[in-house]
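Asker: using only what follows, build the 3D model:
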Amino acid sequence: MADALGQSAPLGWDPSHCGENIALDGAEASHETSQWGSVLATEWLSEGTHEIELLTQNVDYPSLFVGVVRRAYWEHASAGARREDGESMRDSEHAICMHGDGRLFIKTAEKDWGLMRLVTGDRVVLTLDFDRGVVTFALSRTVRGKPKETVAEVPGLFTEATVAVCFGGRDQCVAIGQWTRRASEGGAAPARDP
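Answerer: As a prediction, the model looks like this:
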């Protein structure tokens, strides 16, 4: 976590919560097959506001999910891997995630909030605001020489969550970029799904 509030700190992928066809190299996770596989970040977050940048490579094949999960997600994802039918984040009530084609899946419910499709080199910023109980997905890039950004603010953030990626395409790669934490602003947090 950050040494001081508001300072950036390294955040990596957790080898103990990593699918077998995923290679980890520091803050970078890469997928070697076309079978579903998930990896979770090392830190479980539960207070304040966290802004986490994810950097993408080889994600033009849209079978990729990025988002946040609660602890029960790993059990769900591991059970799917053991059955060999695979499980994606969209199938879990323990995940709020964005699909590579821009659709959102909020605890299994599909929503189209107008996010752009992920392409190689994209920067996705997840903002976890535990005071408000909201996770925000922001995707920005330059299109025809002009900056373009799409944002979706999703209520219902879990009381404790971590960042997760679920790969479904060969040679996909997602790296954790900058992680910034801000202290809670005080006041009562909204009632939320644990």
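Asker: was I right about residue 76 contacting residue 92?
Answerer: Yes - in this structure, residue 76 is within contact of residue 92 by C-beta atoms under 8 Å, at 4.9 Å. C-beta: built from backbone N, CA, C; applies to glycine.
Asker: between the two, which one's more packed in?
Answerer: residue 92 (27 against 18; other C-beta atoms under 10 Å).
Asker: pretty sure that one contacts residue 75?
Answerer: No - taking C-beta under 8 Å as the definition, residue 92 is not a contact partner of residue 75, at 9.9 Å.
Asker: the residue nearest in space to the middle of the chain: what's it in contact with?
Answerer: Most central in the chain under C-alpha atoms, centre = their mean is residue 67, positioned 2.4 Å from the mean C-alpha point. When contacts are counted by C-beta atoms under 8 Å, 6 or more residues apart in numbering, residue 67 touches 89, 95-98, 105, 126, 135, 137, 163-164.
Asker: show me where pLDDT drops low in the chain?
Answerer: 1-9, 61, 79-87, 185-194 (pLDDT under 70).
Asker: can you pull out the strands in it?
Answerer: Secondary structure of the chain (DSSP state E): strands at 13-18, 22-25, 28-31, 37-41, 49-57, 64-69, 95-99, 104-106, 109-111, 123-129, 134-143, 146-155, 162-167, 173-182.
Asker: perfect, that will be all.
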